[in-house]
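the sequence and its predicted three-dimensional model are supplied below.
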Amino acid sequence: MLNTVIPIAYALVAFAFLFSFFRLIVGPDAPDRILGLDTLYVNTVALLVLLGIDLGNPIYFEAALLIAMMGFAGTVALCKYLLRGDIIE
Amino acid sequence: MLDILLSILILTGSIFTFIGSLGLARLRDFYTRLHGPTKATTLGVGCLLIASAIHFSVDGDLSLHEVLVTLFLFMTAPVSAHLLAKAALHIQVKSLATTPVQEADTPTDPA
Amino acid sequence: MKHLLPHPLLTLTLAILWLLLVNTFSAGHVVLGLLLGWLIPFATASLWPQSVCLRNVPVLLRYLVVVTHDIVVGSFRVARLILGRPSSLRPAFITVPLELKTDLAISLLANTISLTPGTVSVLVSADHRTLTVHSLDTGDAAAIVAEIKHRYEAPLKAIFESC
Amino acid sequence: MNGLAMHLPILPVLLPLVAGIVLLVLRNAPLALQRGISLVATAALVPLAFALLATASDGTQLVYKLGNWEAPFGIVLVADRLAAWMLMATALVALFALLHALRGDDVKGRHFHVLYQLQLFGLNGAFLTGDLFNLFVFFEILLLASYGLLLHGGGRLRVKAGLHFVVINLIGSTLFLFAVGTLYGVNGTLNMADLAVRLARTVPENLALVETAGLLLFGVFALKAALLPLHLWLPAAYAHTSAPVAALFAIMTKVGAYSILRVTSLMFGADAGAVANLLADWLMPLALVTLVAGMLGAVAATALRQQIAYLVIASVGTLLAAFALDSVDGIAAGLYYLPHTTLAAAAIFLLADPIARARGERADRFEAGSAMPGAPVLGGLFFAAAIAMAGLPPLSGFLGKFMLLRAALESPWLAWLWSVVLVTGLIGVIALARSGSLLFYRTHSTSESLPAPHAADWLPAAGLLLFGLGMVIWAGPVSDYATATAAQLLHPQAYIDAVLGGRP
Amino acid sequence: MEALIALIVGVLTACGVFLALRGQTFPVVLGLTFLSYAVNLFLFVMGRLAIGVPPVINAAAQGYTDPLPQALVLTAIVISFGMTAFVIVLALKARAELGNDHVDGLHSEEDAAR
Amino acid sequence: MTLFFAVLTPFAGAALVALASRLGRSHAARTAGAVTLAALLWLAPSAHLPFNGTLLIQQHDWMPALGLNLAFRLDGLALLFAGLILGIGLLIVLYARYYLSERDSMGRFYSYLMLFMGSMLGIVLSENLIQLLVFWELTSLSSFLLISYWQHREEARQGARMALAVTGLGGFALLGGFLLLGHIVGSYALSDVFAAGDLIRGHPLYVPTLLLILLGAFTKSAQFPFHFWLPHAMAAPTPVSAYLHSATMVKAGVFLLARLYPALSGTPEWFWLVSGAGLATLLLGAYAALFKHDLKGLLAYSTISHLGLITLLFGLSTPLAAVAGVFHIINHATFKASLFMAAGIIDHEAGTRDMRRLHGLWKFMPYTATLAMVAAAAMAGVPLLNGFLSKEMFFAEAAQISESLVGGWLLPALVTLAGALAVAYSIRFIHDVFFNGEPVDLPRMPHEPPRWMKVPVEILVVLCLVVGIAPSLTVAPLLAAAAADTLQAPLPEYRLALWHGFNQALAMSLIALTGGAAIYALRRPLFALHEHSLGRLDARAVYNALLGALFALSGWATRLVDTGSLQRQVFLFLAAALALGFTPWLDSDTPLAGSRTGLPLDPVSLLAGATLIIASLATVWLHRQRLVALITIGVVGLVVSLTFVKFSAPDLALTQLSVEVVTIVLLLLALYFLPQHAARERDPGRVWRDGAIALAAGSGTALLSWAVLTRPYDTIAGYFIDNSVPGGGGTNVVNVILVDFRGYDTLGEITVLALAGLGIYAMLENLRLDAPDRDAAGRAWNRDPYPVIMATLTQLLLPLALLVAVFILLRGHNQPGGGFIAGLVTAVALIVQYLAHGSAWMHERLSGATQPVIAAGLALATLTGLASWAFEHPFLTSTFGHLRWPLVGEFELASAMAFDLGVFLVVVGATLLILVNLGTLHDSRITRKAHL
Ligand code: NA
Ligand code: NA
């Protein structure tokens, strides 16, 4: 069962990845692109979790954790830039 | 049995992930697009993480550290969304709804 | 005691999180978790505004259940909206007057709103009196405001602003 | 061996590192203390280098296994004749440049002494390492330290030169990694001795691949050595930085030259089977063109430091022409010439500083001016330094040139090398005579009154020149050492055996 | 898969090279970043491609990929991070000292128009 | 050692003189005299040896392996020259004491003079050719100083540089020549060279050797066409001219001809080259001398002419001619030195050297006039004076040789013409200056010079007379010894006497004397003719044109290459790299692809790859919209991290992810101060060119990757996997490599990071940039710097992030993670706090002292490495063990963990140092010192 579900899941997450990337490239405004990047990060977390289950190796967990953290930091910095220019003031 | 539970979780998770991003691609203004990733995607990844936790817990040792990522995502996704919306309001991106008065341009934190 | 253990709740939380992280519940890690749970707040104490006032743990637990439920339901609803005709959406900005006073409570409310059905917190007014929310599909704005106030703001006020 | 003696090969690396750390800790300590520590640490490199020279002089190749891991698995330091030689040149230049810096250049920006010590850490580490990737790491250390030192004090031209220097070197580092990566991808090892063994056994299916890697590596080293057409970073960088830094930088191009020599002799030398003599077609023409371009630049220069910078390029050409001869005599000539040109360039950079100050607003530009205070001493030292740079007798440059020309007698490049070296030698004399007379000969009466230079302003330069003189007086033993070093390099089997302990 | 990776390395290099050849500091910095991606990836795959065999010793492991390039790339990433940081700040310094963001301190049309 | 000390004495004397000059003006002169005498004294004990035909060679090892030893030789020729150098040198020392004025620095003059004297002495006493060359070049250098002694005069500076350039040319040629000679002979020792004459002359390299050596000799001796420097060297003070251009500098060239005569002469090449140059110089010099109005100019061209004469004699290659050559060297030295000194006296007393103004000085300085007239007569070759004797020998040899040549009458005719010209300019010197009416407009009223200024002239003039009258009683033994050692063969039959009977030579002399008188009588029409013809030719103009061309070419070539453009540099480097990288494949049998089977391509990887490629291209395409470019490059970094994950490198993925975000933050910080959008390319052609380079480079690395990836390889990696646990105590092999197997790399790597931080810190000092108050679209910034939701919730995240950092740090040895990643996580966690609260808020709460953290990290890593010394293990040797603690249980401790903690600290410190300082760049409210 898992063997059929996982490829489907991969495909769904891959499409999610694609959509986010589409928004990132197309924009039109900077917030759209940042949102695209942020979602791309979250999609990546999903991808990594799937990979972990697929390969039966828990070693990808830290990467997922870090992507979640770093994605957030990046989004905060980008938004702050749009709002204030000077991100650390 | 466990296989079925896992499969459901994985499928649900990936479908929500998919839908969240689909909204991002499909909806027509920034503010509506913001909703998909904030909710659906977050939940989707949450489901996948729970699936992972179950998957690795049955192999032997209890594996609950995925909870942490879930927690983290649930704490940060709204903040990201808030900041994005604030930025969008600031640079006045196109909106389907009437945007509120720019009262935020007065500092909220006098410090 | 206050100086030696500035945030006992945080200490406990961190210890538990540590155990989650290491995926091991051995005695060694319990000790290490508690140690870190004590050390980290100690080291970052200055970055904390004031000790968090936390009452009404049952309310808190119930609140968590409600929110979790709403997240799941909300996600389904948003999914349906996304899969539906985009042009049929009725997006709107809604202003929610706030009774909450503390930053923490306001922030948690904003977070909750963003995670739950069809709404995203957009702005907190300069005086912290109102919260602007973007709603994806707005039927009755007043109903949404009422639900927010009743379902989330009230418990948060009970939990964080009753001491 | 026990005690510190056992750790001799790593002491020249660790000493500046520890000194750098201590200086960082004491960054707010009294200036005198910081200077004292920096000076003691730098001065101590001289006896350390001497100890290594003494040890290596009988042909011993000390191998220091870091972390006690056997080569090729761990990183090893190899202190052979060549490494000791480079360490000595570095130590001397560093000591005198630092003495000059203590006159005030060190307080014009932050962290001068920390950067200086870490620069030495990088240099010494690069000369000692026996591992190709580790060489990359130490290249980066010495580069980053040099970026800091180059920019020390700031200023428009300095910043522009620094930006160019940094960017081009970053691209160079990228190329380095491509080359190292390819070598690893084909040979599965990083230790240079092990690479030598494996490269010699290269099968035809892999030949062009490892040759590409070798040549890319050469490209990187050529950039560091400022070989034409990769020399453009040097004139601005050297001309616009502070005097002690420019003096210390005199050794920086030699890192590139050293690496070319080390890598080609060890990994792509005559014994390297299918990849033997990889650079045979490249090095000599490039070296000669570099020599010509450097000399023409020296003629075209409009200010002293710019001129010296171009002379440094010319000296790189001379040096690599010697190495390109690929014979014991040729490499020996290069190895004799190397410390000479380093010391001489450093001396004249140090000298340019008090000269520029004594000339007031004309600074070091080639414009005739009024009489300068301290002209006899500064002029005399400049004359000596110019003689050294031009390769005229009686200073060491002449002997280096003599050895080079002599070594070329048996080479097919004889006619080219002789023509270029002799003609550029003359051009150099003409250029330096012009600059000397423009700088020192008063043409109008004094208008601005400037303070006479303090003895400490020119003593470090004089000290460097004295070492150049020493290289003449003791030319016999010095050139014998250079010859023995060259012989050691051309027979890398001993190096390989020492590193790999006879392992196949 | 190998061809895809080779293609990626090539594209990253090409983008890096093109940007590094631009006249303003910012694209040059981007170009250097691209080049470091390219070379890090290159160095990494020199240990060949292998899926699901991370070099973490484990009784259940089916094998291990070559760990050495990974260690090298880690070092290279850190170094290029330091270098990138340095060059970014240097670009700012140049902006302050030279008055514009051209790598040679030349005034671009935009600066001239200001 | 005596010869060595004789040479060394003047060098040491130069320093001594400089010191003595501080005591007073005459002290310098006295010291210089004493030094000269001392040098003579060193030679005195051996001076008798050459007369016995004994050769003295003294040798000391210098660079024996290269055949370069300190070797000195005293034979007849050397003794003759040493005598001239020191003897005339002594007279010059005396003369200069009175010649130099109060404004001239005595110390400097005598110092230079001593340097020059020592160099000359070195040349003539050298046994080793290379050593000879060393002194040869030293004469060029010291003469540069002497000629430019009056440095405030433009012509002095120019003259000195010209002399240096021309003699420098010769010096380099000579170096080549000597090297070839040494190569042919197998030794640089003169004795060996003499013994190998036939070998040399028969060697295929003979002609290049000869050409190079002659170039050296001719430039030094001012032979045509290198003669032009000499008249310009007259800008030197007259004592210098008297010394350099009579007995020493210019004589070095003819000395060399004499010295190498046994080795090189006797071939047609030698004959034609040497005598041809000599003859041309002889005639040209004599002709030009006649038309010079400057007294010293006349003497300068006369010197050129006489040097031509000597050269011609050596070129004739007969033993007698060589004897005559040696003899004329002596004679010319004496009369020319005295003439220069006389000219100097005239200049000194009358204030000018222009013969159009100097007339009738006999009335004012009859004594000096007498001396000058005798010397000039010697120069003209008047009987009873030394010049006559050698000139007679010269004429005789010229006549003799002509018998064996086709068109042989030409040589005697030409040398007679030269003799006549010499007579004419000598008459001019005497008649114009001392007679010929009244002086014209002299700056000073001339009178006799001080007593001691005349003494050197008197001595030399007496010598001219004595030698001229009684040669066999005076000069004969010395000439014999010198000539014999020149020839390195038995002397030919010759007789030094005033009267050889009425022969062809005497006839030529008579013709020359009368012809010379006639030419002088016809001088006015000749001068006019000269002005309109040859007078316009100027070798110096050619020299200047050549030099101008050199400077123009240099400037052009240098500016052509070095435009100061970074883009140019980068382009060249990439082009070079491409050339280097592609060359091995041009004619190679190496196949591009190897035999290894690869992995199958899966759709997700393809999608990720496509994403990466599109994002990369988008970054390039949109790089002028800088924020967008940042976002797209973020995607690139993300996919690169994913690649690491996919191919089993979790550590790399973690590192790449963290670095990525920090880099983006860094770029955002920078972007604030940089223009938001950039102008379009000015040159669209450049885009195509760069595109082509980019495509080539991309293809190159792609093909390289493909080539390696499709090949099998044999790696040392197995060792790390096998030894990671037993040897390094960790299961994460990558981490064990980093902190143990290759911990030294990591130590270097964190040093780089520390250096980056410190360098940036140093750079930022005093850096102030204007903070833009609007964004690219012209909107004012949002007025809410710290949105409350962000501020509050990130506070909650900090402990969690730190916990994760500790987790990653502690497990790094066994699971993916480690100090570096943990450091970045910590830094990012703190940076988010900075983003949320601002630096002022943070600095109120956190000490923010990052430099001590960096120092502590570096120190910890280094000390961990050093700890192994205590156990007599090399630096960085690690250890690990298992500890049991009650309650906690067993856990592992490895020294590598301390090392990793050091890494952690450096990363945290450096990253924060960079980001925080950059963040507060324009903020003057915060005193920066407080948080560093
Ligand atoms: Na170790
Ligand atoms: Na590392």
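Everything's here; your move. Ligands and ions are numbered 1, 2, ... in the order given.

F:Thr715: what secondary structure?
coil (DSSP: H, G, I helix; E, B strand; the rest coil).

ok, now which ones touch it?
Applying C-beta atoms under 8 Å, 6 or more residues apart in numbering or on different chains, we find F:Thr715 in contact with D:Tyr184, D:Gly188, D:Thr189, E:Gly47, E:Asp66, E:Leu68. (C-beta placed from N, C-alpha, C; glycine too.)

want to throw the residues you listed into JSON lines with pLDDT and distance to F:Leu68?
Formatted as JSON lines, these follow (pLDDT from 0 to 100; distance: C-beta to C-beta, whole Å):
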{"residue": "D:Tyr184", "pLDDT": "96", "distance to F:Leu68": "46"}
{"residue": "D:Gly188", "pLDDT": "94", "distance to F:Leu68": "48"}
{"residue": "D:Thr189", "pLDDT": "95", "distance to F:Leu68": "44"}
{"residue": "E:Gly47", "pLDDT": "93", "distance to F:Leu68": "54"}
{"residue": "E:Asp66", "pLDDT": "95", "distance to F:Leu68": "54"}
{"residue": "E:Leu68", "pLDDT": "96", "distance to F:Leu68": "50"}
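
now chain C, which segments are flagged as low pLDDT?
In the predicted model of chain C, residues C:1-6, C:49-55, C:163 satisfy pLDDT under 70.

in it, which spans are helices?
C:8-22, C:27-44, C:57-83, C:103-115, C:141-147, C:154-160 (DSSP state H).

now look at the second one and say if it contacts chain F.
Yes - contact between helix C:27-44 and chain F is present through C:Ala27, C:Gly28, C:Val31, C:Leu32, C:Leu36, C:Ile40, C:Pro41, C:Ala43, C:Thr44 (criterion: C-beta under 8 Å from any C-beta of the partner chain).

compute the inter-axis angle for that helix and helix C:8-22.
Put simply, helix C:27-44 runs at 130 degrees to helix C:8-22, going by axes from the mean of the first three to the mean of the last three C-alpha atoms, to 10 degrees.

what is the burial count for D:Ala455?
D:Ala455: 10 surrounding residues under other C-beta atoms under 10 Å in any protein chain shown.

any idea how far it is from B:Thr12?
The gap separating D:Ala455 from B:Thr12 is 84 Å, by C-beta to C-beta, to the nearest Å.

go on, F:Leu284?
For F:Leu284 relative to B:Thr12 (C-beta to C-beta), the value is 107 Å.

related to what we said a few turns ago, any chance of the contacts of F:Thr715 in a markdown table with neighbour count as columns?
Below are those laid out as a markdown table (neighbours: other C-beta atoms under 10 Å in any protein chain shown):
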| residue | neighbour count |
| --- | --- |
| D:Tyr184 | 27 |
| D:Gly188 | 22 |
| D:Thr189 | 26 |
| E:Gly47 | 27 |
| E:Asp66 | 27 |
| E:Leu68 | 28 |
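
how near is the residue minimising distance to the centre of chain C to C:Glu153?
Taking C-alpha atoms, centre = their mean, the centroid of chain C lies closest to C:Leu108, which sits 3.2 Å from it. Distance, C:Leu108 to C:Glu153, using C-beta to C-beta: 10 Å.

same check on F:Thr311?
Counting by C-beta to C-beta, the gap from F:Thr311 to C:Glu153 is 114 Å.

more crowded one of the two?
Each of F:Thr311 and C:Glu153 has its neighbours counted (other C-beta under 10 Å); F:Thr311 has more, 31 against 24.

the more buried one sits in which helix or strand?
helix F:295-316 (DSSP states H and E).

stretch A:56-64: end-to-end distance?
End-to-end distance for stretch A:56-64: 15 Å, by C-alpha to C-alpha, to the nearest Å.

state the mean pLDDT of it.
Stretch A:56-64 carries an average pLDDT of 83.

does that stretch reach chain B?
Yes - contact between stretch A:56-64 and chain B, assessed by C-beta under 8 Å from any C-beta, occurs at A:Gly56, A:Pro58, A:Phe61, A:Ala64.

can you tell me which of these are buried?
Neighbour counting with 16 or more other C-beta atoms under 10 Å in any protein chain shown marks A:Pro58, A:Phe61, A:Ala64 as buried within the residues of stretch A:56-64 next to chain B.
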